[in-house]
Each structure stands twice: as C-alpha cells, then as structure tokens.
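Trainee: predicted model follows, preceded by the sequence.
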Amino acid sequence: MITNIFIPELNNHDVQELWFQQDGATCHTARTTIDLLNDTFGDRLISRFGPVNWPPRSCDLTKLDYFLWGYVKSFVYADKPQTFDHLEDNIHRVIADIRPQMLDKVIENWTSRLDYIRASRGSHMPEIIFKI
C-alpha cells in the first residue's frame, strides 16, 4: 500500500516540509518499511525506529485515534460497501470531504487536550469529553 498508493500520491504534491508519523504497530515498523519511509521522509519520520522516536502512546492526544478513524468509519460504511472498489471510493470521498474548518476544530481540540495534560502534570484525562 505504501509503495503502490501512498508514495505515488505523494509524488503528485509538494511535500518537502511534510512529516510522517508511523504508529508503533510491529507490522508497521518492519525494517523494509522503515527504510522506505526513511528514504521518503528523511529526518521528518516519527516512528519507533525512525529518526524521531514515536511518542508514548496516548489515544487522547493522537488525532488519528480520537478523530479521524471514527469519523471516516462512520461515513465509509454507511452504505454498506460490498466490494473493495466501493470501499476505496467511499474512503477517498469521505477524506476529500473533510473541510479545513473541521481540521481547525480538531487542532483546537488537540490544543485543549495538551493544555489539560500540562495543567494536570501528565495525569490521565478521566471522564473528559472533547467535542468537535
């Protein structure tokens, strides 16, 4: 997927300043994967075995976890896609429909989460609901 879809798509854009954050899943940190990502992103790779170490895991602070996956999933499966192509089309459509204003709210939400973590000196965020 990285070689056949992701990298070719990157080549269609100016990504000189783009950072890539790879999660810490074992299958995502195979030597060949890390080598490919290092070749593509250089010192702008955040990963368990990349130049910038993957931060301690916190789904409360990872926008992909607390926002994107749930948001995309809620729309991608709404019409119950029956083929891979249909599923892929839905994913592309939902991602393309995310507007900058929504991303601004996600960033504001993330900033609020960071402020809470700082104020609580790194403690857990029990029973706090952040709305987008």
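Mentor: Arrived safely.

Trainee: work out for me the element the residue lying closest to Gln21 once chain neighbours are set aside sits within.
Mentor: Spatial nearest neighbour of Gln21, excluding adjacent residues (C-beta to C-beta, 6 or more residues apart in numbering): Ile46 at 4.2 Å. All C-beta atoms are positioned from the backbone trio N, CA, C, and that covers glycine. Assigned by DSSP states H and E, Ile46 falls within strand 45-47.

Trainee: how close does Gly70 get to Ile5?
Mentor: 22 Å (C-beta to C-beta, to the nearest Å).

Trainee: any chance you could map the helices in the protein?
Mentor: Taking DSSP state H, the helices of the chain run over residues 7-10, 31-41, 63, 69-76, 84-96, 100-119.

Trainee: pLDDT averaged over the shortest one - what is it?
Mentor: Mean pLDDT, taken over the full extent of helix 63, equals 74.

Trainee: quick one on the thing from earlier: dig out what the residue nearest to Gln21 forms beta bridges with.
Mentor: Counting by DSSP bridges, Ile46 is bridged to Gln21, Val52.

Trainee: Phe67: how many residues sit nearby?
Mentor: 19 (other C-beta atoms under 10 Å).

Trainee: scratch that, Ile7
Mentor: Ile7: 14 neighbours (other C-beta under 10 Å).

Trainee: excluding its backbone neighbours, what's nearest it?
Mentor: Thr40 (6.3 Å).

Trainee: any idea how far Ile46 is from that neighbour?
Mentor: In terms of C-beta to C-beta, Thr40 sits 13 Å off from Ile46.

Trainee: same deal with Leu64?
Mentor: 12 Å.

Trainee: so what's the residue most central in space within the chain up against?
Mentor: For the chain, Leu64 is the residue whose C-alpha lies nearest the centre (C-alpha atoms, centre = their mean; 4.0 Å). Leu64 makes contacts with Asp23, as judged by C-beta atoms under 8 Å, 6 or more residues apart in numbering.

Trainee: low-confidence ranges in the protein?
Mentor: 24, 55-60, 122-132 (pLDDT under 70).

Trainee: check contacts around the closest residue to Ile34 other than its chain neighbours.
Mentor: Leaving aside its sequence neighbours, Ile34 sits nearest to Phe49 (C-beta to C-beta, 6+ apart; 4.9 Å). In this structure, Phe49 makes contact with Thr29, Arg31, Ile34, judged by C-beta under 8 Å, 6+ apart.
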